[in-house]
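Trainee: Pasted the sequence and its predicted model underneath.
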Amino acid sequence: MLLYVNRIGERVHKQKHELLTTFDLICKPPVYKTRGFFMPPTSIIQFTLHQPIITMQSFRTELENPIVEKDIIELEQKIRLFREGKMPDEKFRSLRLARGVYGQRQPGVQMVRIKLPYGKMTFAQWKRISDISDEYSTGNLHLTTRQDIQIHFVSLDKTPELWAKLELDDITIREACGNTVRNITASDNAGIDPQEPFDVTPYADAAFRYFLRNPISQDMGRKFKMAFSASDRDTALVFMHDLGVIPKIRIVDGKEVRGFKVVVAGGLGAQPQLAKVAFDFLETDQLIPYIESVIRVFDRHGERASRHKARIKFLVQKIGMEEFERLVKEEYKALKNKSVHIDAAAWPETEPAGAPVHIPAYVIKNPQQYEQWKRTNTFEQKQKGFYGAYVRVLLGNISSNVSRKLIETLQNVVANDIRVTVNQGLLFKYVRPEHLPYVFSVLESVGLSEPGFDSIADITACPGTDTCNLGISSSTGISVELENVIRNEFPDLIYNNDIKIKISGCMNSCGQHGLAHIGFHGSSLKSQGKVLPALQVLLGGGAVGNGEGRIADKVIKVPSKRGPDVLRTLLHDYESNQLPNELFNAYFDRQGDKYFYELLKPLADLASLRDEDFVDWGQANDFATAIGVGECAGVVIDLIATLLFEAEEKIQWATDTVNAGAYADGIYHAYAAFIQSAKALLLDENIACNTQHGIMNDFEKHFIETQKVPVESFKALVMQINQHEPTESFAKQYLAEATAFYKVAQAYREQRHLQPATV
């Protein structure tokens, strides 16, 4: 059956006597809202369904959305249980991370990550976030490299209330952290890029909705990141993602057919890896089914015990691309949708602010800077007569007061579609050329008129030791110093868009240092019996284009206070020795990493350290490493009672979804119950567990072959999941089998612990 969702969220079908529901069964739990995150306005999405449709209530508005409301109530309940000591810390941490609540370096407060798919927010959403930052945080909005917004220093007990207020403007924090599908990023200029084959926004949006609250991606071994680039320029950096796509068009029988180049298994972190090509061309309606198959394989076969090996890049590295692709194909039969068609022609194009409006009187204080800004921060859109205008935001930090002023003064001259960029800035769209001076004057009045967007002067940096548990040394302090070097000593480099500088507070690459032309990550050195802050210098990374990239090479480690001298040395050497029109990475390749090691070696000499070298940027006291436990990655839950409780909970979820007619989702919940029950018994016997596939094999060996439990073949029982269509009959059968197995596991554990201990 072909099913359509029209712009008010009603399902329209082409067969009689079918009962329809809202945007449900595709991205279970059901979605009722018609605005923002829960229903693409004026969009038409067609799905090929392989399960019945049931009647549900029509849309609810505000916080009457039962799914969101349930989420928020559950968070509040779990916080209370945690406070009362009735929920283990590991279990609670996993739950709150999946709801965007992340522990900070400072005890007793949280970072809340706000999920903005492809970086989009409306003026109303921007204002809502600003107001909430004032009420619950410090009045600062931190723009991230994943196009999210983070607010810090939030009380844990206030997070449910904060979330509820965000939802009034359809803003979610669900699955912004934790072992989930993270925010889906995209080129910020998608839809207005003159070079794009077509707008990827509708497809990124559909993927976001499909996997939000999807059972297959709620408790993976690690996070899963996706990106959609607008063109072969690859401004979304798909080569460093778990899965990324670039739009392509082919001519078939004289007609244009849309598709994507698809790459998988890329990633940064301490062991960066470039993505591998899965498809040179995959038609658009096959994209979401392919992604679902990939995530199902990652969930089942991905590492879970060692979080440092738990990304999909390590799985592909371990089993090889050929075996990985075979496993992906095996999942196809079990998919709830064999085809997901997005009617991009029905996607609402961003509208200009309206008819030309009266602009209030304004003054440009620095005309020269305006000309620089216009040259470096604006571009003509593919929609003739309109411009995009970029805003450099130092370290990605913008206050709520500045945000509200921009909203108030610009909402009549730019489109109601603001994008957070991957280098922590902002993009305003549909600016008429005659309004550019006014826009600049507004930015100038709030200190955001710096030219050189996305140039070498526009440095990307993570929060580092300011708030992150994993930060080793300051990334924000050194970033400010490096920008000062460029501004004061190399002012013409604001026109250089070739070289990118990126800084992370540790090796995990949240600041994306691993793909920088000139990268730094926080580290430490020892000298004179003391520890001093250091920077690992990396050179030669960057995007090549069309889904290809380069990983930066580690060159040398230097004291942090010498970071500005490192930059001066590199830029002077490049200016003096480059060939005509030679780009930086070509220069790096020609000279070789040994050349740069020798060039920077004097700055690594520890014999001439001064007292200030032992103090990190922005600090007053001597440096000391204070690394906490990172929460962004996997949390291993190894408490037996908790695992069995989770299995019981998943049985209930499976029952609810099967009864609602969401058979594929119910099947996956039942699968998770099988795995959790088996893992509990294995751990109770002190048998280590890593992958779900390993759990099945180990349970077969230790419990089935030894006849400890009365099951004929556990693995065969569980792996029915990818051998059947997600029909009603199979869903009910599989759920019954999962329920029976859970009861066997519970009885076995109870009996085992009733037996007297042997000596």
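Mentor: Perfect, thanks for sending it.
Trainee: only C-alpha atoms for contact and neighbour calcs from this point on.
Mentor: OK.
Trainee: Could you tell me how far the strand or helix carrying E575 lies from the centre of the chain?
Mentor: E575 belongs to helix 563-577 when elements are defined using DSSP states H and E. Its chain's average C-alpha position is 34 Å from that of helix 563-577, according to CA atoms, centre = their mean, to the nearest Å.
Trainee: which helices and strands does that helix pack with?
Mentor: Helix 563-577 sits against helix 476-489, helix 593-600, with contacts defined as 3 or more CA pairs under 8 Å, 6 or more residues apart in numbering; DSSP states H and E.
Trainee: Check which residues of the longest one are buried.
Mentor: Right, the one you point to is helix 476-489. 476-480, 482-483, 485-486 (16 or more other CA atoms under 10 Å).
Trainee: which parts of the lengthiest helix in the chain are buried?
Mentor: Determined from DSSP state H, the single longest helix within the chain is helix 728-754. The neighbour-count check on helix 728-754 (16+ other CA under 10 Å) flags 728, 730-732, 734-735, 737-739, 741-742, 744-746, 749 as buried.
Trainee: one step back: can I get the helices and strands packed on helix 563-577 in TSV with distance to A346 and mean pLDDT?
Mentor: Converted to TSV, those look like this (distance: least, CA to CA, whole Å; pLDDT from 0 to 100):
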stretch	distance to A346	mean pLDDT
helix 476-489	43	94
helix 593-600	51	97
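Trainee: Turn the ones you listed into CSV, columns for distance to A207.
Mentor: Shown next, in CSV, are the helices and strands packed on helix 563-577 (distance: least, CA to CA, whole Å):
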stretch, distance to A207
helix 476-489, 33
helix 593-600, 41
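Trainee: where does the stretch 351-500 of the chain have low pLDDT?
Mentor: Across the stretch 351-500 of the chain, the ranges flagged by pLDDT under 70 are 355-356, 469.
Trainee: And the strands in it, which stretches?
Mentor: Ranges of strands within the stretch 351-500 of the chain are 378-380, 387-391, 397-399, 418-420, 426-431, 460-461, based on DSSP state E, counting those that start in this stretch.
Trainee: ok, and which of these has the densest surroundings?
Mentor: Highest mean neighbour count among the strands of the stretch 351-500 of the chain (mean count of other CA atoms under 10 Å): strand 460-461, with a mean of 32.
Trainee: Mind giving me the packing neighbours of that strand?
Mentor: Other elements packing on strand 460-461 under the criterion 3+ CA pairs under 8 Å, 6+ apart are helix 476-489, strand 501-504.
Trainee: which residues are in contact with it?
Mentor: Identification of contacts with strand 460-461 by CA atoms under 8 Å, 6 or more residues apart in numbering yields 145, 395, 423-424, 475-476, 479, 501-504, 510-512.
Trainee: what's the spacing between it and its chain's center?
Mentor: Distance, centroid of strand 460-461 to centroid of chain: 16 Å (CA atoms, centre = their mean).
Trainee: how about the strand or helix carrying D280: buried residues?
Mentor: Counting by DSSP H and E, the element that carries D280 is strand 276-283. In terms of neighbour count (16+ other CA under 10 Å), strand 276-283 has its buried residues at 276-278, 281-283.
Trainee: ok, of these, which one's closest to V154?
Mentor: For those, the minimum distance to V154 (CA to CA) is 39.4 Å, reached by K276.
Trainee: which residues does the closest one contact?
Mentor: K276 makes contacts with 239, 263-266, as judged by CA under 8 Å, 6+ apart.
Trainee: CSV please, covering these and showing pLDDT and distance to V442.
Mentor: Listed next are these as CSV, based on pLDDT from 0 to 100; distance: CA to CA, whole Å:
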residue, pLDDT, distance to V442
F239, 97, 36
V263, 98, 41
V264, 98, 42
A265, 97, 43
G266, 97, 40
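Trainee: Which of the residues you listed are buried? Put it as a PyMOL command.
Mentor: To isolate the buried members of the contacts of K276 in PyMOL, using 16+ other CA under 10 Å:
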select buried, resi 239+263+264+265+266
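Trainee: and of the contacts of K276, the nearest to V431?
Mentor: Taking CA to CA as the measure, V431 lies nearest F239 of these, at 31.3 Å.
Trainee: List the contacts of that closest one.
Mentor: Here F239 is in contact with 263-264, 266-267, 274-276, 543, 547-549 (criterion: CA under 8 Å, 6+ apart).
Trainee: Could you rerun that using 7 Å?
Mentor: By CA atoms under 7 Å, 6 or more residues apart in numbering, F239 lies in contact with 263, 266, 274-275, 547-549.
Trainee: same deal with L237?
Mentor: A543.
Trainee: which SS class is P247?
Mentor: Using DSSP: H, G, I helix; E, B strand; the rest coil, the structure places P247 in strand.
Trainee: is it in a bridge, and if so with what?
Mentor: P247 has these beta-bridge partners by DSSP bridges: F260.
Trainee: that older thread, which among the buried residues of helix 476-489 gets closest to V566?
Mentor: Distances from V566 to these, taken as CA to CA, are shortest for L482 (9.6 Å).
Trainee: Might one say that the closest one is in contact with R562?
Mentor: No: the criterion here is CA atoms under 7 Å, and L482 misses it with R562 at 10.5 Å.
Trainee: What are the boundaries of the helices in the stretch 301-450 of the chain?
Mentor: When assigned using DSSP state H, counting those that start in this stretch, the helices of the stretch 301-450 of the chain occupy the ranges 312-319, 321-330, 367-377, 400-410, 436-445.
Trainee: Run the angle between the shortest one and strand 276-283 for me.
Mentor: What that stands for is helix 312-319. Orientation of helix 312-319 against strand 276-283 (axes from the mean of the first three to the mean of the last three CA atoms, to 10 degrees) gives an angle of 110 degrees.
Trainee: pLDDT weak spots in the stretch 601-750 of the chain?
Mentor: Applying pLDDT under 70 to the stretch 601-750 of the chain flags residues 625-639.
Trainee: Sketch out the helices for the stretch 51-200 of the chain, chain order is fine.
Mentor: 66-83, 89-97, 123-136, 159-167.
Trainee: Export those helices as TSV, with columns for mean pLDDT.
Mentor: Shown next, in TSV, are these (pLDDT from 0 to 100):
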stretch	mean pLDDT
helix 66-83	89
helix 89-97	82
helix 123-136	97
helix 159-167	95
